[in-house]
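S.K.: The following comprises the amino acid sequence and a computationally predicted model.
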Amino acid sequence: MNIYVLLKKTFDTEEKINVSNGQIEEDGAEFIINPYDEYAVEEAIVQREEHGGEVTVVTVGDEESEKQLRTALAMGADKAVLINTEEDLEDGDQYTTAKILEAFFEDKEADLILAGNVAIDEASGQVGPRLAEALDIPYVTTITGLKIDGDTASIEKDVEGDVEVVESTLPLLVTCQQGLNEPRYPSLPGIMKAKKKPLEELEIDDLDLEEDELEPKTKTINIFLPPEKEAGRVLEGELDDQVKELVTLLKEEKKVL
């Protein structure tokens, strides 16, 4: 089985993020594999262990993205591909990324493509579905269960706290949600093996794409941090007085009534 995982490098939101002049300051920032993509990597490895085949992780990014690809290889993926856009592409969006991936998969025989449900930096959830539409293959988002039997997949999909069971044929693209599995940590032997596993680097020219084909469809106007949370307030006095004070606060200060 040919299994591919779409991977993205994202900011570690557990660490401090600084914004200056409407842009995130990358100097000193910590980068990680997008957490939802970790579920995709783990599921790819689980499916390979059950059905055989090969797991390839793919990312569209810069040279620094090699670190996240090596982490996925240390987790157990077999190969990695970095589509380096650092020199050829100044700006891009989800359309751009999906277009690049479409060109990459044009000559690939993928049985299963896995991606994270969303990326924690932009949270659009568009790349996976856009790619599936471009490749003309079925896709299911926010999955929490996946069983494959031959060319048929039975999928459990999260739907607002409930579960919907979907059946599909391969090839198939799915986006992975928390609850699908528990991603493994790279082991020391895995880290050592990852250094010797193949990591291919491609550029836009290698995919026969022109810059005008990758023109983004959206534009980021501004980036800013959310306001700091205010300290909580304890209302005192009789219950009726507390209710009146609460209504007044909500109406006059918070303007929500």
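M.R.: Arrived safely.
S.K.: Correct me if wrong: residue 158 contacts residue 142.
M.R.: Yes. Residue 158 is within contact range of residue 142, at 4.4 Å (criterion: C-beta atoms under 8 Å). In this view, the C-beta of every residue, glycine as well, is placed from N, C-alpha and C.
S.K.: more neighbours, those two?
M.R.: Legend: neighbour count by other C-beta atoms under 10 Å for residue 158 and residue 142, higher for residue 142 (21 against 18).
S.K.: Ramachandran coordinates for that one?
M.R.: Dihedral pair for residue 142: phi 50, psi 50, per degrees, to the nearest 10.
S.K.: Tell me which helix or strand comes right after the helix or strand bottoming out on mean pLDDT in the chain.
M.R.: When the helices and strands of the chain are scored by mean pLDDT, DSSP states H and E, strand 23-24 comes last with a mean of 72. Downstream of strand 23-24, the first helix or strand assigned by DSSP states H and E is strand 31-33.
S.K.: how far is the helix or strand just after that next one from where the chain is centred?
M.R.: Proceeding N to C from strand 31-33, the next assigned helix or strand is helix 35-51, under DSSP H and E. How far helix 35-51 lies from its chain's middle: 13 Å, per C-alpha atoms, centre = their mean, to the nearest Å.
S.K.: returning to what we had before: which neighbours do residue 158 and residue 142 have in common?
M.R.: Counting by C-beta atoms under 8 Å, 6 or more residues apart in numbering, the common neighbours of residue 158 and residue 142 are residue 177.
S.K.: For the stretch 151-257 of the chain, which segments are assigned as helices?
M.R.: 188-194, 239-248 (DSSP state H, counting those that start in this stretch).
S.K.: Of those, which stretch is the most buried?
M.R.: helix 188-194 (a mean of 13; mean count of other C-beta atoms under 10 Å).
S.K.: Other residues contacting that one?
M.R.: Taking contacts as C-beta under 8 Å, 6+ apart, the residues outside helix 188-194 that touch it are 70-71, 73-76, 186.
S.K.: Equivalent analysis for stretch 201-212, please.
M.R.: Contacts of stretch 201-212 (C-beta under 8 Å, 6+ apart): 81-85, 87-89, 99-100, 103-104, 214.
S.K.: So which of those residues sits lowest on pLDDT?
M.R.: Comparing pLDDT over these, residue 88 scores lowest. The value there is 74.
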